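I'd like to go over a predicted model; first the sequence, then the structure.
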Amino acid sequence: MLEMLGINKSFPGVKALDDVTFAVRRGEVHALVGGNGAGKSTLMKILAGATLPDSGEISIRGEKVSITDPETARKLGIAIIYQELNLVPVLNAVENVFLGCEIRKKGGLLDKAAMEKAAAGLFRRLELKVSLKEPVGNLSVAQQQMIEIAKALHLNAEILVMDEPTAALTDHDIDTLFDIVLRLKEKGVTIIYISHRLEEIYRICDRVTVMRDGKIVGTRDTDKLSQQELIRMMINRDLTQVFPASACSGGREVLRIENLTRKGVLHNINLRVCAGEVVGITGLVGSGRTELVRAIYGADPVDSGTVWIDGEKVSIKSPHCAVRCGVGFVPEDRKEQGVILRMAVKDNMTLACLPLIARSGVVNDRQERRQALQLVEKLNVKTSGLTQLVGNLSGGNQQKVALAKWLATNAKLLIFDEPTRGIDVGAKTEIYSFLRELAREGLAVIMVSSDLLEILGLSDRIYVMYNGTITGELPGTGACQEKIMSLAMGAAI
């Protein structure tokens, strides 16, 4: 169905694609995987006409084509669902689905009734229940993602590229999406599936192509490729131990919470975190995990409850108060809340500690650069320099910058909400090692995660939430997925 031959693409100082040859069969679900910065997105942007290659050829159904812009790609039956949502927030769901391909009456006027009828049919297929006239900016990220999928379905694409389509979806939404993927496959649609979630690749993909450093490593049938072998192809080394061993010695109590309550959201939350340990918080979507850590950080208000930091009763009513109390927070949505994409690496890394490197309100540039360089080296941030914009880094390196921001603040407690979401397996292992190192240095660490293997592999203690309450506390050793899931569904064990 598709063949990309000898594709090359360079950006200033970077060889993004190096003689890449990539072929996909008609009616297959083909995974394209690799670490952040491997070249996956650049290759797909060339296919979509958003980026022009320096050299190479593209053939569709055996016929050579020239894809010079997105409109040409669309006419060739190519649709792409980008990881970064491509919607207009002020337009409603129907207007977004038909943007650029509106249904018109004979006189050229928009046929709004026809578009609403077609959109309603698409949404029923996706089990998406939203008001057709609601601005998409008011919808949840998961709902917006499903609208992106509806756009692609409307185009009747023969080649559909999905770039991390499940990152913001619930388990139910993922099941619905996979049902749609399999139905499209049965109709002969070719699907290129980009994901860091290996379990998804083995669940729905027929073959997998691995990229590394702008080159193709190989293409294999998924049913003949072990997960360990796939990881080895992606990171070019054996992954003998994903999670670093715990060295928890049970230090002093850094955080204690009693009866923390927010009406309708959190109910009598009690927990503690000690120096030198990683405490995991998990639960199903809607259980209150993120709401809890946002409340601890002062980002959301609470109605009642008591908080102690290092044995001292404190009142944290804002993030500013939290930072003064020695609490740092890396949020789930790094692009919107964790980093400032249009600011440089250096400026992002020192943003939380400016009072420590300034005198009379003036920042010491030399000290700021020295500190940022140390953080880049410590976290192995892959950047062209301290002045590179964070928005131009890969997802894994953006996350490292978000983490680095808190290292120079003399924090006692660091909270990480989904610290490895949307990053590749190699970057994940680096972040796991980093979190464990922080604990060994005596910091108290809270990690919120929906990945049970991550929770089990890294946590010294585990709190499980259900419907705004903590249903159980488990030791890191001896816990299992079955116990966690029982507690996450409200069952007693």
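Perfect, I can see it now. Numbers count the residues shown, from 1 in each chain.

residues near A120, how many?
13 (other CB atoms under 10 Å). Quick note: C-beta positions are derived from backbone N, CA and C, even for glycine.

Any figure for the gap between it and D173?
Distance from A120 to D173, counting by CB to CB, to the nearest Å: 19 Å.

same check, this time on R232
From R232 across to D173, the span is 31 Å (CB to CB).

separation between the spatially closest residue to L126 that is not a sequence neighbour and I180?
Closest residue to L126 apart from its sequence neighbours, by CB to CB, 6 or more residues apart in numbering: M146 at 5.1 Å. Taking CB to CB as the criterion, M146 is separated from I180 by 10 Å.

now swap in V141 and tell me
Taking CB to CB, one finds V141 at 18 Å from I180.

before we move on, what about S486?
Taken as CB to CB, the span from S486 to I180 is 30 Å.

Then V273?
In terms of CB to CB, V273 sits 41 Å off from I180.

between these two, which one's more packed in?
V273 (24 against 17).

show me what contacts the more buried one?
Residues in contact with V273 (CB atoms under 8 Å, 6 or more residues apart in numbering) are E253, V254, L255, V279, L413, A444, V445, I446.

Just give me the closest of these to I470.
Nearest to I470 among the contacts of V273 is V279, at 11.6 Å by CB to CB.

ok, and that closest one, which helix or strand is that part of?
strand 278-283 (DSSP states H and E).

Given that strand, what are its sheet partners and their directions?
strand 444-448 (parallel), strand 461-466 (parallel) (DSSP bridges).

and the ones you listed, which is most packed in?
Counting by mean count of other CB atoms under 10 Å, strand 444-448 has the highest mean neighbour count of those, with a mean of 26.

Could you look up the next helix or strand downstream of that one?
Immediately after strand 444-448, counting by DSSP H and E, sits helix 452-458.

How about residues contacting that next one?
Looking at helix 452-458 with CB under 8 Å, 6+ apart, the contacting residues turn out to be 242-243, 278, 280, 282, 420, 432, 435-436, 447, 449, 462, 476, 479-481, 484-485.

quick one: average confidence on it?
Averaging pLDDT along helix 452-458 yields 85.

again with stretch 219-227
For stretch 219-227, the mean pLDDT works out to 90.

Could you list which residues are in contact with the residue nearest to K263 when sequence neighbours are not counted?
Ranked by CB to CB, 6+ apart and with sequence neighbours excluded, the top spatial neighbour of K263 is D303, at 5.5 Å. With contact taken as CB under 8 Å, 6+ apart, D303 is in contact with T261, R262, K263.

The second one reaches A299, doesn't it?
No - because the distance of 11.8 Å does not satisfy CB atoms under 8 Å, R262 is recorded as not touching A299.

Pick out whichever of those two has more residues nearby.
Higher neighbour count among R262 and A299: R262, with 20 against 17, using other CB under 10 Å.

gap between the more buried one and L487?
Distance from R262 to L487, by CB to CB: 21 Å.

do A402 as well
29 Å.

Ok, I281 next?
From I281 over to L487 (counting by CB to CB), the distance is 12 Å.

low pLDDT regions in this structure?
Along the chain, the model assigns pLDDT under 70 to residues 13, 36-37, 83-84, 167-168, 235-242, 247-250, 422, 424, 491-493.

so where does the residue of it most remote from its centre fall, helix or strand?
Most distant from the centre of the chain: G107, at 45.0 Å, with distances by CA atoms, centre = their mean. Using DSSP H and E, G107 maps to neither a helix nor a strand.

Next, it: phi, psi?
Per-residue torsions, G107: phi -80, psi 0 (degrees, to the nearest 10).

again, but for L177
Torsion angles, degrees, to the nearest 10, at L177: phi -60, psi -40.

wait, doesn't it sit right on T166?
Yes - with contact defined as CB under 8 Å, L177 counts as touching T166 (6.5 Å).

Looking at these two, which is more packed in?
Applying other CB under 10 Å to L177 and T166 shows that L177 carries more neighbours, namely 21 against 18.

before we move on, back to that, neighbour count: R232 and D173, which is higher?
Neighbours were counted for R232 and for D173 using other CB under 10 Å; D173 has more, 21 against 15.

That one: what's it in contact with?
Going by CB under 8 Å, 6+ apart, the list of residues near D173 reads A142, Q145, M146, T166.

All the helices of the stretch 1-150 of the chain, in order from the start?
With DSSP state H, counting those that start in this stretch, the ranges of helices along the stretch 1-150 of the chain come out as 40-47, 70-75, 93-97, 112-125, 141-154.

so what does the fourth one touch, helix or strand wise?
In other words, helix 112-125. Counting contacts by 3 or more CB pairs under 8 Å, 6 or more residues apart in numbering; DSSP states H and E, helix 112-125 packs against helix 93-97, helix 141-154.

repeat that for 10 Å
helix 93-97, helix 141-154, helix 171-186 (3 or more CB pairs under 10 Å, 6 or more residues apart in numbering; DSSP states H and E).

ok now that helix, how far from the chain's centre?
Distance, stretch centre to chain centre, for helix 112-125: 30 Å (CA atoms, centre = their mean, to the nearest Å).

So which bits of it are buried?
For helix 112-125, a neighbour-count test (16 or more other CB atoms under 10 Å) marks M115, E116, A118, A119, L122, F123 as buried.

repeat for the last one
When neighbours are counted by 16+ other CB under 10 Å, the buried residues of helix 141-154 are found to be 142-154.

What angle do helix 40-47 and the helix or strand following that helix make with each other?
Counting by DSSP H and E, the next helix or strand C-terminal to helix 141-154 is strand 159-163. Counting by axes from the mean of the first three to the mean of the last three CA atoms, to 10 degrees, strand 159-163 lies at 150 degrees to helix 40-47.

one step back: which residues are common contacts for M146 and I180?
Shared contacts of M146 and I180 (CB atoms under 10 Å, 6 or more residues apart in numbering): L126, E127.

List the residues that contact K133.
Counted by CB under 10 Å, 6+ apart, K133 has contacts N92, A93, V94, E95, E116.

With K112 as the reference, measure out to it.
K133 is 10 Å from K112, by CB to CB.

One more: I269?
For I269, the distance to K112 - CB to CB - is 48 Å.

Tell me which residues touch V376, please.
So V376 contacts V345, K346, M349, K382, T383, G385, L386, N397, K400, V401, A404 (CB under 10 Å, 6+ apart).

for the closest residue to the fourth one other than its chain neighbours, phi and psi?
Spatial nearest neighbour of K382, excluding adjacent residues (CB to CB, 6+ apart): N397 at 5.3 Å. Phi and psi for N397, reported as degrees, to the nearest 10, are phi -70, psi -30.

Number of residues surrounding N397?
23.

For it, list the residues it contacts.
N397 touches 36-37, 345, 376, 379-383, 388, 390, 423, 427, counting by CB under 10 Å, 6+ apart.

Can you tell me the SS state at N259?
Here N259 is recorded as strand under DSSP: H, G, I helix; E, B strand; the rest coil.

That one contacts T306, correct?
Yes - between N259 and T306 there is a contact at 6.8 Å, judged by CB atoms under 10 Å.

and for the two, which residues touch both?
N270.

the strands in the stretch 351-493 of the chain, which residues?
For the stretch 351-493 of the chain, the strands defined by DSSP state E, counting those that start in this stretch occupy 358-359, 362-363, 413-417, 444-448, 461-466, 469-475.
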